[in-house]
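Engineer: Only the shape, not the letters, is given here:
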């Protein structure tokens, strides 16, 4: 049975949803069960001792006994110069994200008995072309050369609002680092396009920030098509001048919208004869090519002032020992005993080949004194 798959990789959890085509058209999105106790799974990868990678909740469980081998937060690091290092191995962040995608695809294929016809993967709204191209290459190497990348707020809007006519709407994404607030405008030709975004917003002020952004863009709050809440969304207090959309499980909203986008890709695009399909905005459509194109130029980074500092001068053993971390009591005793034994053995080796030595000339402290001699000190008297 043909189906499509939408995947949302957030900072702490990954979700997915599917739409099935039973012959009468595409069904409504249904969540794909990824976690051990729910549809959402942890956005985590674990490298075991044999070099195999575990994903999701299984990775978190394995990481309890070996936390140094647990990898999290890598999706936001796509495009960083420093790779993720664990167990002496280097992992590009985008490759770890592709591992999570592959796990979600395998989970869906096990349920439906085949791979999905289309895949739509979301990404943070602030990503530029460089970071999207890195993820695109990683997905192509993982076997998904035709997956589509869509900004997370755009996918969230497709869960509730079709871009019909010239409308504006808002999205509030709630996460562990606060809320990401976005307003987007839509046309029948271009679909939803983000206009302005604020990150790190206090969750209690997220809805109010949508109205502020809309006012700054010249859009009266009461004319907004709606506000979509996704992620760990808190309840919205009071009444709002426009509709607010929040499902019973807002964590699945972005993946649900991504599945809607993937299903609509099978429809004729606007402009064709007798077409009434809704335009789909795709940030990046992965081309079917053997050799990927050159990456776009890395965005210019602001200059960084580095204050030089003098290297520590070479020091002797005494000064070096003063910087040594103190050993625990048991270890110190073992080291001291080993040192004493080594000195004893060394002394015996040094005297082993020598002939018998004459006894010491000094007399016993209790020997009778020589007649007429006067002891210089009171020591040695019996």
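Structural biologist: Noted; the coordinates are in hand. All of these numbers come straight from a predicted model, not from anything done at the bench.
Engineer: and residue 63, what is it in contact with?
Structural biologist: The contact partners of residue 63, taken as CB atoms under 8 Å, 6 or more residues apart in numbering, are 44, 46, 69, 70. Bear in mind the C-beta positions are built from the backbone N, C-alpha and C, glycine included.
Engineer: can you list the residues you listed in a markdown table and add distance to residue 110?
Structural biologist: Supplementary listing: the contacts of residue 63 in a markdown table, determined by distance: CB to CB, whole Å:
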| residue | distance to residue 110 |
| --- | --- |
| 44 | 20 |
| 46 | 21 |
| 69 | 26 |
| 70 | 25 |
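Engineer: quick one: which of the residues you listed is nearest to residue 37?
Structural biologist: Within those, distances to residue 37 taken as CB to CB reach their minimum at residue 44, with 14.7 Å.
Engineer: and the residue lying closest to that closest one once chain neighbours are set aside, how many neighbours does it have?
Structural biologist: Take residue 44 and drop its neighbours on the chain: the residue closest to it by CB to CB, 6 or more residues apart in numbering is residue 59, 4.2 Å away. Summarising burial for residue 59: neighbours were counted as other CB atoms under 10 Å, giving 25.
Engineer: pretty sure residue 59 belongs to a helix, no?
Structural biologist: Yes: assessed by DSSP: H, G, I helix; E, B strand; the rest coil, residue 59 belongs to a helix.
Engineer: does it really touch residue 42, like I thought?
Structural biologist: Yes: between residue 59 and residue 42 a contact is recorded at 6.7 Å, counting by CB atoms under 8 Å.
Engineer: Excluding chain neighbours, what is closest to residue 240?
Structural biologist: residue 207 (6.5 Å).
Engineer: The residue nearest to residue 44 and residue 107: what is the separation?
Structural biologist: Summarising the geometry, the distance separating residue 59 from residue 107, computed by CB to CB, to the nearest Å, is 14 Å.
Engineer: just residue 94 next, same as before
Structural biologist: 21 Å.
Engineer: Now do the helices in this structure.
Structural biologist: Listed in chain order, the helices found in the chain under DSSP state H are 56-63, 93-112, 129-141, 152-158, 206-216, 253-264, 317-322, 329-351.
Engineer: Go through the ones you listed and name the closest to residue 164.
Structural biologist: helix 152-158 (11.9 Å).
Engineer: Next, the buried residues of that closest one.
Structural biologist: Residues of helix 152-158 classed as buried by neighbour count (16 or more other CB atoms under 10 Å): 152, 153, 154, 155, 156, 157, 158.
Engineer: Between all of those, which two are at the greatest distance?
Structural biologist: The distance between the two most remote of those (CB to CB) is 10.9 Å, for 152 and 158.
Engineer: For residue 131, report the pLDDT, please.
Structural biologist: At residue 131 the predicted local confidence, pLDDT, stands at 94.
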